[in-house]
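Trainee: sharing a model that was predicted from the sequence below.
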Amino acid sequence: MTLQSGEEISLYGDSHALIIGSSNYKNGWDPLPGVSTDIEEIKKVLEKHSFSTTVVMDPTRDELLLAFDRFRKAYGKKENARLVIYYAGHGHSLIDPILGESGYIVPIDAPLPSSDLDGFLDSAIDMEEIKSLAKRIRSKHAYFVFDSCFAGTIFRSRAASTPGHITDMIAHPVRQFQTAGDANEAVPDVSVFRRYFVRALQGAADIDGDGYILASEIDNYLKRFVIGDTNGLQHPRGGKMMDPRFNEGDIVFASPRVQPITSNKGLLNSIENTNTNTEATVTLQVHQSVEKAQRHYQQGISALLGRNGHYDMALASRSFTRAAEAGHQRSTAILASMYYSGADGGGVDYDKAWQTLAAPFKSGDLYAKFLKAKMQQRGIPIAGGVEALDLGVANLKKIIKALKVEAEKGDTLLAYALAYSFGVLKNDNESVAWFKKSANEGSLLAINNLGIAYINGMGVKKDPVKGVSLLKQAAVAGNAVAMRNLGWKYYHGNGIAKNYKETLYWLTQAINAGDSLAISFLGAMYSTGNGVEKDDYQAVKLFIKAAHLGDGYGMTNLAMNLHRGLGIEIDLPEAFRWNKNASKLGDMRAMFNLALAYSNGWGVSVDHVEAANWYEEAAQRGHLSAMFNLGNSLFNGRGIDKNKEKGIDWIRKAAKLGLPLAIKHLPAYERKL
């Protein structure tokens, strides 16, 4: 790859692109004259990224398959090549009663399925054929982009465990796919998708400013802008092939906007080449960008907090992205919090959250410092494992004075952060006081938390009715978290009458608003049969959907069903994999399950050392059975250095917290001391 400085970085060997456009349809499909312009723009931007390009216009089915095969034979045999296959044209989805939903790309000679279904099936190209093509490519990295809308059945949603370093991403094979929209969505002739895809490759998708654009970053960028600019009519989908051989890496492009610093020499050269006129120009541009970024930030804050009842996560996401592109560090930190929570409906991605958080944290942004401490305190493994739990609390203590100073100046976002911090530090009265102040400023997030406080009697007199009223206030205004919490409260009936009808209504509203945890909760209802007819198959479908959106609760429940064969065939290695993914998100149940797997050889070789390590990870996060098992391992020296005193301390802790097994066996352990 060639940087702006002219320096070459050897990330790949060769880069080749096959660009296909279908415009002049013959058998009933609407023509797409705008495709010609789209293809030319895509060709230009890829050539700027050092791709050799092959353009094929208006192919029939046979011509399209021949173009695929020639491209594969010419370039797909080189291991270190980077390949892009871009298709612009009609796509279509069909539902088969046996095979389910399938996606097709439509060559110019295919008839309309409504008039000739057999002819359509003979002429259209099933995405399974594309999948077969992808597997025959020997190059490590192949990126399939479809400016079409159809069911994305061959790829998984955003992976929850994207590797953390560019070199690691390049080292692992991957087949990545990107579509312009989902099934039954129409792609306009003037392609909004193409416009933003080009902008993404021009550097707009490099939100963290590390000088590299990943295919996963392109997917996030497209989701943020295409959905909004088409008024929700188009929902881009991106992901990796559901095949363990082809889903560990990530396609990498060099960002034209930011020059990656690969050496001190490169940094010195960039300084030496700066002249006075350039400085003046840059200063003017930065000043203009700062003003523009601030406007986007204020728009995003209003939409995020739901000020005056206007809660719009899609608008918030777009506004913060645009502000971040202009260098606004607070906006970048908020984007990191969206990746952390999955609040924008794109799924949870902790690795991406940490990656995005790096720049604003380094700049000293106070909200970035808060978010880092919060993630540490929540025990996200990448923050340093169990040692980070106490470190997170300590870091919240360090910044709480600074948070209070800014909150008292009227910063609603930091007032919310301050309230959360007081809650972690067990100062419920102060926590509620600041949630109230933030709520009075119109923050729906604060109203939600205030409702939880009244339901549980934390810092205020317990009043479930008032708490539910507050949750409903935030939910009606559009807050997905409040919708989910409201549904769950009706399910449990904590201080209010159980109402499964209300539960289903509010969980469905939360799901429609993009809350992945609500999907898992609904799956749990089908799994237990509470409020709905018990249906393990339906539960598994929901757990799979939530898991692919990065929800740890869904991953762990899916692993349990795979382990027990509930609604799906038993698959212990696959159960182990999903538990491993969930453990990376800090799920203590998954960590305990990994320990059991290593202890018993469930889907993995027996390894008592690994078992003890995972028991400790789960125990530190409060898992009672893990405490007991860790204590037993320490007491007997199983997979860990023998330490009877420390072991019995863990067993006592589990017994004190009410674990029946620990209560029953504690006297026997004490007699053996």
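Mentor: That came through fine. Residues are numbered from 1 along each chain as shown.
Trainee: and the pLDDT at residue 190?
Mentor: You'll see residue 190 listed with a pLDDT of 54.
Trainee: repeat for residue 391
Mentor: Looking at residue 391, its pLDDT reads 71.
Trainee: with the one 10 residues further on instead?
Mentor: Note on residue 401: pLDDT of 91.
Trainee: tell me if it really is in a helix.
Mentor: Yes - per DSSP: H, G, I helix; E, B strand; the rest coil, residue 401 lies within a helix segment.
Trainee: which residues touch stretch 433-442?
Mentor: Residues outside stretch 433-442 that contact it (C-beta atoms under 8 Å, 6 or more residues apart in numbering) are 305-309, 407, 410, 412, 415-416, 418-419, 422, 445-447, 449-450, 453, 459. All C-beta atoms are positioned from the backbone trio N, CA, C, and that covers glycine.
Trainee: show me which of those are buried.
Mentor: Neighbour-count burial (16 or more other C-beta atoms under 10 Å) is assigned, among the contacts of stretch 433-442, to 305-306, 407, 412, 415-416, 418-419, 422, 445-447, 449-450, 453, 459.
Trainee: helix, strand, or coil at the nearest residue to residue 399 once chain neighbours are set aside?
Mentor: Spatial nearest neighbour of residue 399, excluding adjacent residues (C-beta to C-beta, 6 or more residues apart in numbering): residue 369 at 5.2 Å. Counting by three-state DSSP, the backbone at residue 369 sits in helix.
Trainee: what about residue 369, neighbour count?
Mentor: Residues lying near residue 369 (other C-beta atoms under 10 Å) number 21.
Trainee: now do residue 321
Mentor: Neighbours of residue 321 using other C-beta under 10 Å come to 26.
Trainee: any idea how far residue 369 is from residue 44?
Mentor: Remark: distance between residue 44 and residue 369 (C-beta to C-beta, to the nearest Å) = 42 Å.
Trainee: pull up the pairing partners for the helix or strand hosting residue 143, direction included.
Mentor: Per DSSP states H and E: residue 143 is located in strand 141-149. With DSSP bridges as the test, strand 141-149 is paired with strand 82-88 (parallel), strand 174-181 (parallel).
Trainee: would you mind giving the ones you listed as JSON lines with mean neighbour count, distance to residue 582 and mean pLDDT added?
Mentor: Converted to JSON lines, those look like this (neighbours: other C-beta atoms under 10 Å; distance: least, C-beta to C-beta, whole Å; pLDDT from 0 to 100):
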{"stretch": "strand 82-88", "mean neighbour count": "26", "distance to residue 582": "32", "mean pLDDT": "89"}
{"stretch": "strand 174-181", "mean neighbour count": "27", "distance to residue 582": "22", "mean pLDDT": "70"}
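Trainee: reformat these as CSV; add distance to residue 545.
Mentor: Below are the strands paired with strand 141-149 laid out as CSV (distance: least, C-beta to C-beta, whole Å):
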stretch, distance to residue 545
strand 82-88, 26
strand 174-181, 17
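Trainee: of all the ones you listed, which one is nearest residue 328?
Mentor: Residue 328 lies closest to strand 174-181 among the strands paired with strand 141-149, at 26.9 Å (C-beta to C-beta).
Trainee: for the very next helix or strand once past the closest one, what is the distance to the chain centroid?
Mentor: Counting by DSSP H and E, the next helix or strand C-terminal to strand 174-181 is helix 192-199. Here helix 192-199 is found 21 Å from its chain centre; the criterion is C-alpha atoms, centre = their mean, to the nearest Å.
Trainee: what comes up buried for the next helix-or-strand element following helix 192-199?
Mentor: As assigned by DSSP H and E, the chain's next helix or strand after helix 192-199 is strand 212-214. Within strand 212-214, the residues scored as buried using 16+ other C-beta under 10 Å are 212-214.
Trainee: before we move on, what about stretch 558-566?
Mentor: Judged by neighbour count (16+ other C-beta under 10 Å), stretch 558-566 contains these buried residues: 558-563.
Trainee: what is the burial count for residue 641?
Mentor: For residue 641, using other C-beta under 10 Å, the count is 9.
Trainee: and the angle for the strand holding residue 143 with helix 192-199?
Mentor: Counting by axes from the mean of the first three to the mean of the last three C-alpha atoms, to 10 degrees, strand 141-149 lies at 150 degrees to helix 192-199.
Trainee: among the buried residues of stretch 558-566, which one lies nearest to residue 580?
Mentor: Closest approach to residue 580 among those (C-beta to C-beta): residue 559, at 8.9 Å.
Trainee: what's the helix or strand containing that closest one packed up against?
Mentor: Element membership of residue 559, judged by DSSP H and E, is helix 552-564. Under the contact definition 3 or more C-beta pairs under 8 Å, 6 or more residues apart in numbering; DSSP states H and E, helix 552-564 sits against helix 516-528, helix 536-548, helix 572-583, helix 588-600.
Trainee: off-centre distance for it?
Mentor: Chain-centre distance of helix 552-564: 18 Å, with C-alpha atoms, centre = their mean.
Trainee: any idea of the pLDDT on residue 495?
Mentor: 74.
Trainee: what of residue 309?
Mentor: pLDDT, read off for residue 309, is 50.
Trainee: can you check residue 643 too?
Mentor: 95.
Trainee: now it: how far from residue 660?
Mentor: 25 Å.
Trainee: more crowded one of these two?
Mentor: residue 643 (14 against 11).
Trainee: list the contacts for the residue nearest to residue 529 when sequence neighbours are not counted?
Mentor: Nearest residue to residue 529 in three dimensions, chain neighbours excluded: residue 535, at 8.0 Å (C-beta to C-beta, 6+ apart). With contact set as C-beta under 8 Å, 6+ apart, residue 535 has these partners: 526, 529, 567.
Trainee: of those, buried ones?
Mentor: If we count by 16+ other C-beta under 10 Å, these have these buried: 526, 567.
Trainee: between the contacts of residue 535, which sits nearest residue 251?
Mentor: Closest to residue 251, out of all of those and judged by C-beta to C-beta, is residue 567, at 34.2 Å.
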